[in-house]
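Visitor: The following comprises the amino acid sequence and a computationally predicted model.
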Amino acid sequence: MGEEYDVISSFEAVEPNKISNPYYYRLAIEAAEGEFAKVLCDQFISDYYTLGKGMNYWGYGCDNTAVFLTAIAVYASDYSEYVNDAMKIIAGYTTDKGAYYSEQYTDENANSTAMALMAFSALGDCDTALKYYNMLLNFQGETGIFTYYGNADLYATKDCVTALGYFSDLVYSNSLEHNEHIYTSTEIAPTCGTAGKKT
């Protein structure tokens, strides 16, 4: 067997400002831990985030800001100013039908709704994540493929599957935290002609 390769040391030797695409920061920060993860978060904010506007990657938009929020979600308490700002920005791109991309592209779509779902799931915000999940179902076609402007779209489906993975993790982790037995009961009183019933 050859020499062992120290993946962690090699990873931490990467210069954060050499990350060529801001979407890669989400993966890098999730893979990192401790101080190096904070270095990545700081660099990400410095390079791509503007308070009041969100993440800029070929312009400001819901999807970009949601990816940013997802990336720093694990360290939300250390970056509360940016987390709160990003949450407000995403809410500003949301209607009762779903989320839309930007001020120029205002049609609700599966991609933007999925990215918002991903962000709030990563934050552990069950109520808001559930709201986006329910809206996302409106964009699912009969075959299960998600649609973009009414047409089945593989890119939209890819984003939706990614977001649903985060949502699934959130639901699963919360189900482990709440093991109490929850039930409701109803009772119909008997009458002269019918028997009573408990459900």
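Guide: Noted; the coordinates are in hand. Residues are numbered from 1 along each chain as shown.
Visitor: CA only for contacts and neighbour counts going forward, please
Guide: Will do.
Visitor: Who are the packing partners of the helix or strand hosting residue 127?
Guide: Using DSSP states H and E, residue 127 maps to helix 126-136. With contacts taken as 3 or more Cα pairs under 8 Å, 6 or more residues apart in numbering; DSSP states H and E, helix 126-136 sits against helix 110-123, helix 154-177.
Visitor: again, only using 6 Å
Guide: helix 110-123 (3 or more Cα pairs under 6 Å, 6 or more residues apart in numbering; DSSP states H and E).
Visitor: For the helix it packs on, output the C-alpha coordinates as PDB.
Guide: In PDB, the C-alpha atoms belonging to helix 110-123 read as follows (Å, rounded to 0.1, in the frame of the first residue of the first chain):
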ATOM      1  CA  ALA A 110     -39.500  25.800  -9.900                       C
ATOM      2  CA  ASN A 111     -35.800  26.700  -9.700                       C
ATOM      3  CA  SER A 112     -36.200  29.700  -7.500                       C
ATOM      4  CA  THR A 113     -38.800  28.100  -5.300                       C
ATOM      5  CA  ALA A 114     -36.600  25.100  -4.900                       C
ATOM      6  CA  MET A 115     -33.500  27.200  -4.000                       C
ATOM      7  CA  ALA A 116     -35.600  29.000  -1.400                       C
ATOM      8  CA  LEU A 117     -36.700  25.700   0.000                       C
ATOM      9  CA  MET A 118     -33.100  24.500   0.100                       C
ATOM     10  CA  ALA A 119     -32.000  27.700   2.000                       C
ATOM     11  CA  PHE A 120     -34.700  27.500   4.700                       C
ATOM     12  CA  SER A 121     -34.300  23.800   5.100                       C
ATOM     13  CA  ALA A 122     -30.500  24.300   5.600                       C
ATOM     14  CA  LEU A 123     -31.300  26.900   8.300                       C
END
